[in-house]
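In: Attaching a predicted model along with its sequence, questions to come.
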Amino acid sequence: MAIRIFCTIGAAFLLIGVALPQLLYPLWFDQGAFAACADVIRRGGVMYRDCWEVRGPLLPLLLTLPRSLSSSAATIHTFELMWQALTALTLGLLARRMFGRLAAFIAPTLYWLMFASLNYWATVQAEGFANLFFVLALLSLTHKHRFASVLAGLCCGLLFWFKYPFAIFSLLLFIAKPHLTTLQSPPSNPQSLTPNPNAKILIGLSLPIAFGLIYFALNGALADWWLHVQYDIATFNNVPLAHRWEWLTGLFWVEIKAFVSHGNTPTAGWKATVLQWDILGRGYPFIFGLMGLGLLRGLRTSQYRRLALIALAYLAIVIGLNIWQGHSYRYHFVIWLPAMALLASAAALPITTPHPKAWAQLQMGSIFGLMALACFGLVAAMWPWLRDAYDNVIVQRKPIAQTVSESALADYDNLARFVRDNTSPNDSIFIYSDVPALYALAERPNAARFPYMRWVDEAGDDEIRKRYTAQLLADLQRSRPKFFILSRDGFPWPEAKFIESWKSQPSINTWVEANYAYSGENGPFLVFARK
């Protein structure tokens with residue numbers, strides 16, 4: 001018993017240790033946008049009325065908690081790792097109820113290591129936080145309680161506020177409910193059983209959506225939210241089917257390979273001094289092997305066939321959600337991870353039919369062998385970052401903030417320091433670029449509702465672009481930021497041309513030139529001071 005406890009504690013420390021380099025990850029584009037909107041909400045603002053973001057409002061709302069505790073990026077990553085630990089444990093409970101005791105070890109371990117080996121751009125994303133509610137929705141249906149179906153629906157309603165298409169996951173609940181009832185424990189009170197679980201799922205689904213709409217209406221932001229939805233539809237959902245098919249048959253598969261190889265855009269893009277390791281395919285070939293074995297073992301056993309198909313359907317739905325988004329953003333694949341881990345855990349199904357002892361031992365040996373190789377590949381992917389983190393934090397005793405100033409994001413740190421040194425905490429600034437993390441780094445409020453400006457070029461509807469331009473001008477005229485900051489061409493990515501974007505908005509360009517004077521350069525940024 002003592003040996004088992006010691007091994008469990010040792011394994012837990014190892015799993016936690018693999019993820020610790022994420023605490024050094026910086027805030028980049030997406031994380032910066034979420035953090036900027038979280039700060040606006042903390043100051044009493046309302047999403048879309050006071051801070052615009054292309055995705056749903058739930059993640060910025062969640063990040064108000066770590067942002068209330070500290071302005072450090074490490075606080076956000078600590079919060080996320082705690083969230084992911086809860087997701088892994090919830091997944092373990094689901095795997096145990098579906099596929100047995102050994103599955104309860106395989107599923108959370110694989111999920112945690114897959115998430116721990118992601119790079120900085122794939123962390124603090126809506127997909128990662130949404131995973132808890134995907135898993136919790138299914139787990140709820142395995143319990144016989146009068147509110148179980150309502151809770152499952154609630155999870156899907158919350159998924160809606162991460163990204164609107166995520167609510168489609170509720171379709172799986174209607175399919176899975178009759179089959180997951182076989183896992184339910186006998187109720188203590190027979191009258192507590194729900195006669196119509198599908199109706200309760202719909203009630204649960206509608207509650208968070210209705211509450212959110214009422215919140216926007218009471219705060220005078222319902223029109224702003226609806227305009228945001230129209231922007232999303234015009235810009236992302238109106239992609240022609242032919243284009244989607246071309247993306248699916250071409251770039252989609254390239255992106256899958258890149259995600260497996262690098263965990264997303266290569267992390268060396270942040271810190272080129274650290275090598276990217278790809279040993280044993282980062283463990284993914286063996287995870288795919290476990291998934292295939294799990295599906296085969298589940299389909300061969302009548303007792304588990306429907307449960308294996310539910311795990312497969314879960315994976316199919318999140319793949320469909322990924323495809324429907326029609327983008328090459330590799331962090332979209334993060335919603336696959338719990339479904340992959342769940343299906344892989346089915347490989348450890350109990351042997352229910354008589355087999356020769358040698359055959360049973362061979363099966364279990366194959367499962368443990370695949371699991372060991374998968375874990376080794378995932379841990380090896382993070383080894384260079386563990387070594388770098390140890391050298392910087394333990395050996396050299398560098399503050400975490402210093403790691404940003406020594407990376408490819410040093411320009412962010414330099415501008416943030418300039419802003420802090422030349423403004424008071426109540427002074428607002430506006431940055432006409434795609435660097436929303438600077439508002440969080442500089443700890444200064446945004447003068448407008450737009451933390452980034454790619455919508456000027458990406459908006460799929462000219463009328464919406466005009467309305468957003470009018471809103472931006474009104475915000476700037478009202479707030480009169482101390483600095484208007486513009487990024488040079490080629491920053492923050494090679495194709496970026498925000499000077500041209502600025503000039504394509506004559507009303508913004510004219511107002512800035514009339515009210516601001518060129519102050520100087522700060523790395524790739526042009527700084528204009530209020531006259």
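Out: Structure's in. What do you need? The structure displayed is predicted, hence computed values, not measured ones.
In: was I right about Pro66 contacting Ala73?
Out: No - applying C-beta atoms under 8 Å as the test, Pro66 and Ala73 come out as separate, 9.4 Å apart. Just so you know, the C-beta spots here come from the backbone N, C-alpha and C atoms, and that holds for glycine as well.
In: who has more neighbours, those two?
Out: For Pro66 and Ala73, the more surrounded residue by other C-beta atoms under 10 Å is Ala73, and the numbers stand at 27 against 22.
In: ok, the more buried one - contacts?
Out: Residues in contact with Ala73, defined by C-beta atoms under 8 Å, 6 or more residues apart in numbering, are Tyr25, Pro26, Leu27, Gln31, Ala35, Ile400, Val404, Ala440.
In: And this structure, what are its domain boundaries?
Out: The record's domain split for the chain, according to automatic domain parsing, is 2-393, 410-530.
In: Any chance of those in a markdown table with mean pLDDT as columns?
Out: A markdown table is the format used below for those (pLDDT from 0 to 100):
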| stretch | mean pLDDT |
| --- | --- |
| domain 2-393 | 86 |
| domain 410-530 | 93 |
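In: rewinding a little: output the contacts of Ala73 in CSV, with neighbour count and secondary structure appended to each entry.
Out: Compiled in CSV, the contacts of Ala73 are given as follows (neighbours: other C-beta atoms under 10 Å; DSSP: H, G, I helix; E, B strand; the rest coil):
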residue, neighbour count, secondary structure
Tyr25, 27, coil
Pro26, 24, coil
Leu27, 27, coil
Gln31, 25, helix
Ala35, 27, helix
Ile400, 17, helix
Val404, 23, helix
Ala440, 26, helix
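In: Output those residues in CSV; the columns should cover distance to Phe133.
Out: As requested, the contacts of Ala73 are exported to CSV (distance: C-beta to C-beta, whole Å):
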residue, distance to Phe133
Tyr25, 23
Pro26, 27
Leu27, 24
Gln31, 20
Ala35, 21
Ile400, 30
Val404, 31
Ala440, 25
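In: and of those residues, the nearest to Tyr48?
Out: Of all the contacts of Ala73, the one sitting nearest Tyr48 is Ala35; the distance, using C-beta to C-beta, is 16.7 Å.
In: That closest one touches Leu27, doesn't it?
Out: Yes - contact between Ala35 and Leu27 holds when scored by C-beta under 8 Å: they sit 5.7 Å apart.
In: Can you check which residues contact both of these two?
Out: Taking C-beta under 8 Å, 6+ apart as the contact criterion, the residues that touch both Ala35 and Leu27 are Ala73, Ile76, Ala437, Ala440.
In: can you give me the strands in the stretch 301-450 of the chain?
Out: Shown for the stretch 301-450 of the chain, the strands assigned by DSSP state E, counting those that start in this stretch span residues 429-432.
In: can you give me the helices in it?
Out: Listed in chain order, the helices of the stretch 301-450 of the chain (DSSP state H, counting those that start in this stretch) span residues 305-325, 337-345, 357-389, 400-405, 410-421, 437-442.
In: Comparing those helices, which comes out most buried?
Out: With neighbours defined by mean count of other C-beta atoms under 10 Å, none of the helices of the stretch 301-450 of the chain is more surrounded on average than helix 337-345, at a mean of 29.
In: Could you list every helix and strand that that one packs against?
Out: Identification of packing neighbours for helix 337-345 by 3 or more C-beta pairs under 8 Å, 6 or more residues apart in numbering; DSSP states H and E yields helix 73-99, helix 103-116, helix 126-141, helix 284-300, helix 305-325.
In: Dump these to a markdown table, plus distance to Trp385.
Out: What follows is those, written out as a markdown table (distance: least, C-beta to C-beta, whole Å):
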| stretch | distance to Trp385 |
| --- | --- |
| helix 73-99 | 13 |
| helix 103-116 | 10 |
| helix 126-141 | 18 |
| helix 284-300 | 18 |
| helix 305-325 | 26 |
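In: what's the residue nearest to the spatial centre of the chain in contact with, if anything?
Out: Nearest to the centroid of the C-alpha atoms of the chain, with distances taken as C-alpha atoms, centre = their mean, sits Gln125, at 2.2 Å. Contact partners of Gln125, counting by C-beta under 8 Å, 6+ apart, are Asp30, Gln31, Leu59, Tyr331, Val334.
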